[in-house]
Each structure stands twice: as structure tokens, then as C-alpha cells.
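In: sequence isn't available, so here's the structure alone:
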């Protein structure tokens, strides 16, 4: 499957996005959920749902891969929004769905408090020692501050790694982390992975919108003998560094 590019400024996409926003509004109303206080999370998921609806005629969850089986498109884990795992397990247990767009009112309230605290206590990245760089770049899960520090350290030659965006081409155009080296979209993952020519023994850090797609990709890469894979846990949505548009 080749990389499919959708023009997010096209009238067709904008019309589908408008329908998708009405759809997610109705889902919230139906289940008594609310949107995530982080607007960028909701926007990213809505764009992904609209994109999947245009491509596959179904609102497949954008945080899971879509594969073709017997000539038909199918989401891994059968995730069609609002998905069964979110309704039956994720939201009752965690207060939020896997993609992060749908929350209980309690989760949203706590998240707003937490976001306020994060803003108050946030400190900018600091210079790392070579030893600290080595520890960070070999972590399986990184937060935004750690990635900011690693990118600064890479600029001055203290550490080497490849930063890979696994979102879609449309999302990349909207904005990507400054310093991202490769785009390997999940919708055409295996083909674009081959084209990316990543070294199996090199340090690779992957990211997506909220960390879920990239976590799946990290597992796939590790199963395919890539030995040093890190995931940006909360994705670009919570990244405090510079975004290139």
C-alpha cells in the first residue's frame, strides 16, 4: 500500500471533517462523555477519523493501523469509533479512551488541574552530560522534556538517534517536531519503513499524536529485531519543544 496523501485544505476533506466533528459531538452526548481538555488531542483524532472515512468509508480509530485483508480494509483490534474496547473497558476503567478524545467529566476535571500544575512547574530543558544522554536515548519511554534535551544534545554532537514520525502525511504538514528525520505513516508502514532505510542497531525514537500509534510501531520494530527503540509517551500533543509547520 503506497503512502496516500489527502489535501487537508480541500473542500472534500473540510466537509468530511465538519461531519466528523458533529459525529464526535453526538458520541459524547450519547454516552455522557466530554472532550479532552487538550484541544489539540481532539483535533488530531477528528482529523484522523475524517481521513479514514474518506479513505476507507469507515471511521476507523486513527490510533490503530488499518490493514487490507481479502481486499477489504480492516482496523487492527477492530477499532471503529466509538470502539467497543473504549465503551466496555477503557473509559469505565481509565476515564479516557485509547485515543484520548472521549473522557468522563471527572477525568477531564482532573486533567485540567494537572495541566495547570504542569504549566506552573514546567522548567526548560537543561544541558545533559554524555552519560545522561546515553541513559535517555536508551529509554523505552520518553517524555517531552527528555526529547527536547536529547534534540539539543544531538545538535552539538553529543548523541546520535533518528526521530521518526509515524503519523500521516496530512498530520506532518499540519506540524511536526523540529528535528524529526523521517515520516513513516502507519497506513503505509511496511513500505515506507523499507524506504526509510533505518539501521537495526541504531537508536530510533518514534512519535505520533498521543503516543498510542507509536507504541504499537515500537513493538512491531522490536519484534523485527530493531534493538534500540524509544517512544515519545504522550506524543506531539504534549510536546513542549519547537513545532515546525
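Out: It's in. The structure presented is a predicted model; accordingly, all values stated were derived computationally and were not measured.

In: helix or strand next in line after the one helix or strand in the chain whose mean pLDDT sits lowest, which one?
Out: The helix or strand of the chain with the poorest confidence is helix 105-121; it has a mean of 74 (mean pLDDT, DSSP states H and E). Sequence order places helix 130-137 as the next helix or strand after helix 105-121, per DSSP states H and E.

In: how about the helices in this structure?
Out: 11-31, 39-56, 84-85, 91-94, 105-121, 130-137, 144-155, 169-174, 189-196, 212-223 (DSSP state H).

In: turn the ones you listed into TSV, including mean neighbour count.
Out: C-beta coordinates here come from the backbone N, C-alpha and C atoms, glycine included. TSV is the format used below for these (neighbours: other C-beta atoms under 10 Å):
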stretch	mean neighbour count
helix 11-31	14
helix 39-56	21
helix 84-85	14
helix 91-94	13
helix 105-121	12
helix 130-137	15
helix 144-155	20
helix 169-174	18
helix 189-196	15
helix 212-223	20
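
In: in space, what's closest to residue 239 - neighbours in sequence excluded?
Out: residue 144 (4.3 Å; C-beta to C-beta, 6 or more residues apart in numbering).

In: what residues does the one you found make contact with?
Out: Shown in contact with residue 144 (C-beta atoms under 8 Å, 6 or more residues apart in numbering): 232, 234, 238-241.

In: would you single out the least confident of the helices of the chain?
Out: Confidence, taken as mean pLDDT, is least for helix 105-121 of the helices of the chain (a mean of 74).

In: could you name the helices and strands sitting against that one?
Out: strand 34-35 (3 or more C-beta pairs under 8 Å, 6 or more residues apart in numbering; DSSP states H and E).

In: quick one: contacts of the least confident helix or strand of the chain?
Out: By C-beta under 8 Å, 6+ apart, helix 105-121 touches 32-38, 94-96, 103.

In: most widely separated two among the residues you listed?
Out: Farthest apart among the contacts of helix 105-121 by C-beta to C-beta are 32 and 38. That separation is 19.9 Å.

In: picking that back up, turn the helices of the chain into CSV, columns for distance to residue 180.
Out: Output for these, formatted as CSV (distance: least, C-beta to C-beta, whole Å):
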stretch, distance to residue 180
helix 11-31, 23
helix 39-56, 16
helix 84-85, 30
helix 91-94, 29
helix 105-121, 23
helix 130-137, 16
helix 144-155, 9
helix 169-174, 8
helix 189-196, 12
helix 212-223, 12
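
In: picking up where we left off before, who has more neighbours out of residue 32 and residue 38?
Out: residue 38 (20 against 9; other C-beta atoms under 10 Å).

In: quick one, phi psi at that one?
Out: Backbone torsions of residue 38, given as degrees, to the nearest 10, read phi -90, psi 100.
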